[in-house]
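Novice: Requesting a structural model of the entry that follows:
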Amino acid sequence: MLKRFYVTPPNSYQLGADNKASYTPVVVVQGNDHAHVYVAGRVSRDINGDVVAKGDMRGQIRRTCENVKIALEAVGATLEDVTRTTTYTTDIDAYFAASDERFKFFQAPLPTSTLVAVSALAKPELLVEIEVEAIVDAHRVKIA
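Specialist: Numbers count the residues shown, from 1 in each chain. Next up is the predicted model:
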């Protein structure tokens, strides 16, 4: 039997760019032996929802990865459990110039990865957004 958990990490920003709770940041689908963890696109925002590192791709990649880590840890997963990432950026050249920052968080063996250039993200100051999927042993899942 599958169980679903809808989690908003308490130590992460709580609202979408429209200042409303318009999505669930983390969804866990747990079976008997493993669980899939789906993390909605995380961006460079602080706990109050303010954009961090405006105009700084490297800084935004760092903060975005930190926010992904917070989301994973809220349900008992880690960056090492990530199997898939999708990254959206408004400036692919700037992203590639600073992409080594991402490898401080996602290390070998690397998850699958898709990179997409987009014309805009949810707020004009945002340069990068990363969503991830992870798989963990069911006994490791922790839901507060």
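
Novice: Put the alpha carbons of the lengthiest helix in the chain into CSV.
Specialist: Counting residues, the longest helix found in the chain (DSSP state H) is helix 57-73. Extracted C-alpha coordinates of helix 57-73, given in CSV (Å, rounded to 0.1, in the frame of the first residue of the first chain):
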residue,chain,number,x,y,z
MET,A,57,24.3,33.4,-10.6
ARG,A,58,26.9,31.6,-8.4
GLY,A,59,25.2,32.9,-5.3
GLN,A,60,21.8,31.9,-6.5
ILE,A,61,23.0,28.4,-7.5
ARG,A,62,24.5,28.0,-4.0
ARG,A,63,21.3,29.2,-2.2
THR,A,64,19.1,27.2,-4.4
CYS,A,65,21.1,24.0,-3.7
GLU,A,66,21.0,24.8,0.0
ASN,A,67,17.2,25.1,-0.2
VAL,A,68,17.0,21.8,-2.1
LYS,A,69,19.1,20.2,0.8
ILE,A,70,16.7,21.7,3.4
ALA,A,71,13.7,20.3,1.6
LEU,A,72,15.3,16.8,1.3
GLU,A,73,16.4,16.7,5.0
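
Novice: Use 57 as the first number for this chain going forward.
Specialist: Happy to do that; since the first residue is 57 now, the last one works out to helix 113-129.

Novice: pLDDT (mean, whole number) over that helix?
Specialist: Mean pLDDT, computed over helix 113-129, is 98.

Novice: how big is the angle separating whichever helix or strand comes after it from helix 113-129?
Specialist: Proceeding N to C from helix 113-129, the next assigned helix or strand is strand 138-145, under DSSP states H and E. With axes from the mean of the first three to the mean of the last three C-alpha atoms, to 10 degrees applied, the angle from strand 138-145 to helix 113-129 works out at 140 degrees.

Novice: Who are the packing partners of whichever helix or strand comes after strand 138-145?
Specialist: Next in sequence after strand 138-145, counting helices and strands by DSSP H and E, comes helix 148-154. With contacts taken as 3 or more C-beta pairs under 8 Å, 6 or more residues apart in numbering; DSSP states H and E, helix 148-154 sits against helix 113-129, strand 168-173. For glycine as for every other residue, the C-beta is placed from the backbone atoms N, C-alpha and C.
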